[in-house]
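Q: I'd like to go over a predicted model; first the sequence, then the structure.
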Amino acid sequence: MMDRRALLIGAGAVTLLGGVARAARSAAFRPGEVWNDNNGVAINAHGGGLLRHAGRWWWYGEHKTAGKAGNTALVGVHAYSSTDLVNWRDEGIALPVSDDPDSPIARGCILERPKVVYNPRTRTFVMWFHLELKGQGYAAAQAGVAIARRPQGPFRFLRAGRVNPGIWPANATAEDKAPDTTLARDFAGGQMARDMTVFVDGDTAWQVYASEENATLQIARLAPDWTAHDGYYVRALPDGGNEAPALFKAKGRYYMFASGLTGWRPNPGRVYVADRVTGPWRSLGNPVRGSEEDRKTTFHSQSTFVVPLPPERSGGEPRFIFMADRWRPDNAIDGRYVWLPVEWDGETPVLRWRDRWTLADGWNAR
Ligand code: DGJ
């Protein structure tokens, strides 16, 4: 007789079959619930993003630990992989923090919103992230970069710093450059980079980050190997107070989800549209369709990424998944994931709550 016992871990189940632990397979996305990996352990990949490579999905995010201290990087960037976006295999720590106290990514730094892209020219996986140096709160506001030969890593930290020192944004006006602006203050040392994402458009990769004390987004082009900025950048939505940028391209136009600035507390989401990555960006308002509470809090979450589904999973229509974090700053490890289909209300991408959903569900993909 086989020894068959069930251990309940969080919302998932691990079955011991003849001594071999197998996590119950998930059939649906369950926004806001605990999502377990193949080992029955809660997925730990916050502020994350997805990459599709060689038929697998890779999810990279911040590995958080228990308590308030868990908001600092004590472990590194965690990777998971999947073929169906619902069941995730633990691939380990792709970029560990460093034990060297002199390293910019020393254990105890703040390392947020990692995003990985694959550069086919160099056959290299390139990870960008928001880095705050240990013990300096959010003052450093740097962009960090690491590379790997394989999606699971190990990623090798290359460098971190402010963006484009000594270079003005291509669209900066004389007024923007006046000596009393944050832009001018940071001209020599480089622009601040906090919440960020990387968006690949054809051959070109762009880093989009909250800059100028979070007042203004900047959109900076990456050099051909994508491991550095090439010096071309623009200011976007000046004084808009946007963070948590998440971009996607649909029917030849660019869309960006973002949030306002309320720390770990949720706020009304925003969505913007542009004809070019570099803008100008135009507001389409709050993408949330639902209750007042849903609209005020974006379902108690903050955007982090938009997943473009490959055409075979989209039934011919381009379909996208909105990825967001439900932060739990007092017990960081317990942060949850809110993934929802991107639907369309005319030309506006919109979000509606679903307790449980699958890719096979019909949704208004335009
Ligand atoms: C909101 C940002 O989106 C998060 O990534 C994090 O930086 C928190 N603020 C910190 O308060």
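A: Looks like it arrived, so ask away. Numbers count the residues shown, from 1 in each chain.
Q: going forward, measure contacts between C-alpha atoms and count neighbours the same way
A: Noted.
Q: Count residues in the vicinity of the closest residue to the ligand within the stretch 201-350 of the chain, would you?
A: Across the stretch 201-350 of the chain, no residue is closer to the ligand than residue 263, which sits at 3.6 Å (CA to the nearest ligand atom). The burial count assigned to residue 263 is 10, neighbours taken as other CA atoms under 10 Å.
Q: any idea how far it is from residue 137?
A: Residue 263 is 13 Å from residue 137, where distance means CA to CA, to the nearest Å.
Q: Show me the helices in the stretch 151-300 of the chain, by range?
A: Taking DSSP state H, counting those that start in this stretch as the test, the helices found in the stretch 151-300 of the chain are 182-185, 292-297.
Q: Can you tell me which residues in the chain are near the ligand?
A: 112, 195, 243-244, 263-264 (CA under 6 Å from any ligand atom).
Q: Report the buried members of these.
A: Neighbour-count burial (16 or more other CA atoms under 10 Å) applied to those gives 112, 195, 243-244.
Q: Name the residues that touch stretch 274-289?
A: 219, 234, 236-237, 252-255, 268-273, 294-295, 298, 348-352 (CA atoms under 8 Å, 6 or more residues apart in numbering).
Q: Equivalent analysis for stretch 95-109, please.
A: Here stretch 95-109 makes contact (CA under 8 Å, 6+ apart) with 72-78, 111, 131-135, 146, 153-157, 160.
Q: and it, how far out from the chain's middle?
A: Computed by CA atoms, centre = their mean, to the nearest Å, the chain-centroid distance of stretch 95-109 equals 21 Å.
Q: ok, now stretch 347-364?
A: With CA atoms, centre = their mean as the basis, stretch 347-364 stands 20 Å off its chain's centre.
Q: next one: stretch 250-264
A: Taking CA atoms, centre = their mean, the mean C-alpha location of stretch 250-264 is offset from the chain mean by 11 Å.
Q: can you pull the contacts of residue 176?
A: The neighbours of residue 176, taking CA under 8 Å, 6+ apart as the test, are 183-184.
Q: Quick check: the gap between it and residue 336.
A: As for residue 176, its distance to residue 336 is 39 Å (criterion: CA to CA).
Q: Now do the residue nearest to residue 241 when sequence neighbours are not counted against residue 177, distance only.
A: Of all residues not flanking residue 241 in the chain, residue 215 sits nearest, at 4.4 Å (CA to CA, 6 or more residues apart in numbering). Distance from residue 215 to residue 177, counting by CA to CA: 15 Å.
Q: With neighbour numbers in mind, choose between these two.
A: Per other CA under 10 Å, whichever of residue 215 and residue 177 has more neighbours is residue 215, with 19 against 16.
Q: and stretch 37-54, which residues are buried?
A: For stretch 37-54, by 16+ other CA under 10 Å, it's 37-52.
Q: In strands, which of those residues appear?
A: 46-52 (DSSP state E).
Q: what's the closest non-adjacent residue to residue 364?
A: residue 343 (5.1 Å).
Q: ok, what's across the strand from that neighbour?
A: residue 350 (DSSP bridges).
Q: In contact with it, which residues are there?
A: Taking CA under 8 Å, 6+ apart as the test, what residue 343 contacts is 349-352, 363-366.
Q: Now for the closest residue to residue 281 other than its chain neighbours, how many residues are close by?
A: Nearest residue to residue 281 in three dimensions, chain neighbours excluded: residue 274, at 4.7 Å (CA to CA, 6+ apart). Neighbourhood size, residue 274 [other CA under 10 Å]: 17.
Q: Which residues are in contact with residue 92?
A: Applying CA under 8 Å, 6+ apart to residue 92 gives the contacts 78-80, 152.
Q: related to what we said a few turns ago, just say which of the helices of the stretch 151-300 of the chain is most tucked in.
A: Greatest average neighbour count among those goes to helix 182-185 (a mean of 18), per mean count of other CA atoms under 10 Å.
Q: tell me the mean pLDDT for that helix?
A: The average pLDDT for helix 182-185 rounds to 98.
Q: Kindly report the same for stretch 192-201.
A: 98.
Q: Check stretch 48-61 too.
A: 98.
Q: distance between the ends of that stretch?
A: Stretch 48-61 has its terminal residues 4 Å apart, counting by CA to CA.
Q: just how off-centre is that stretch within its chain?
A: For stretch 48-61, the separation from the chain centroid amounts to 11 Å (computed by CA atoms, centre = their mean).
Q: Residues touching it, excluding its own?
A: The contact list for stretch 48-61, computed with CA under 8 Å, 6+ apart, reads 44-47, 62, 77-85, 112-118, 151, 304-307, 323.
Q: mind running it again at 6 Å?
A: Stretch 48-61 has contacts (CA atoms under 6 Å, 6 or more residues apart in numbering) with 45-47, 77-83, 113-115, 305.
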